[in-house]
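Peer 1: below is the sequence, then the predicted model.
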Amino acid sequence: MAHFAELDNNNVVLRVLVINNSDTTDANGNEVESIGQEFCHNLYGGNWIQTSYNNKIRTRYAVIGGTYRADFDAFIYPQPYPSWIFNKETKDWEPPVSNPSDDLMYEWDEETVSWKALTFEVTD
């Protein structure tokens, strides 16, 4: 199966389709992205680009609301918090403060721009 993401004019992912490999192959049986793009466009219109469920192309699988960055040829997840910074090397968002490396569980607190240890209450 082949996966294609529809992009809006700002390269934001609108939806992802799964199509048969036969709808992406040329006369010699080779998978060709442009054939799959044309197939999707003929069905639904729009601008389509291939994505990979197992992250073999374009860094990661496209998600609705994520973006395609042509300068990196990669799909980028939505920014999780306003304070997080885009890392061009990993092509991912990173917190401005590293996650603590102890055995506790943490969640990001955007208000304090820091990691907050999770506490659990034991009940009978």
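Peer 2: On my side now, so go ahead. Predicted model, so just to flag it, every value in this text is computed and none were measured.

Peer 1: which residues touch K116?
Peer 2: Y106, E107, W108, D109 (Cβ atoms under 8 Å, 6 or more residues apart in numbering). Bear in mind the C-beta positions are built from the backbone N, C-alpha and C, glycine included.

Peer 1: no wait, Y68
Peer 2: When contacts are counted by Cβ under 8 Å, 6+ apart, Y68 touches A5, L7, N11, V13, I49, R58, A62, A74, F75, I76.

Peer 1: repeat that with 6 Å
Peer 2: When contacts are counted by Cβ atoms under 6 Å, 6 or more residues apart in numbering, Y68 touches L7, N11, I49, F75.

Peer 1: which ones are touching E89?
Peer 2: Contacts of E89 (Cβ under 6 Å, 6+ apart): none.

Peer 1: distance of it relative to P80?
Peer 2: 18 Å (Cβ to Cβ, to the nearest Å).

Peer 1: all helices of this structure, in order?
Peer 2: For the chain, the helices defined by DSSP state H occupy 33-44.

Peer 1: can I see the domain layout of it?
Peer 2: Structurally, the chain divides into domains by automatic domain parsing as follows: 2-78, 79-124.

Peer 1: can I get these in CSV with mean pLDDT?
Peer 2: Output for the domains of the chain, formatted as CSV (pLDDT from 0 to 100):
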stretch, mean pLDDT
domain 2-78, 96
domain 79-124, 93
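
Peer 1: many thanks, we can stop here.
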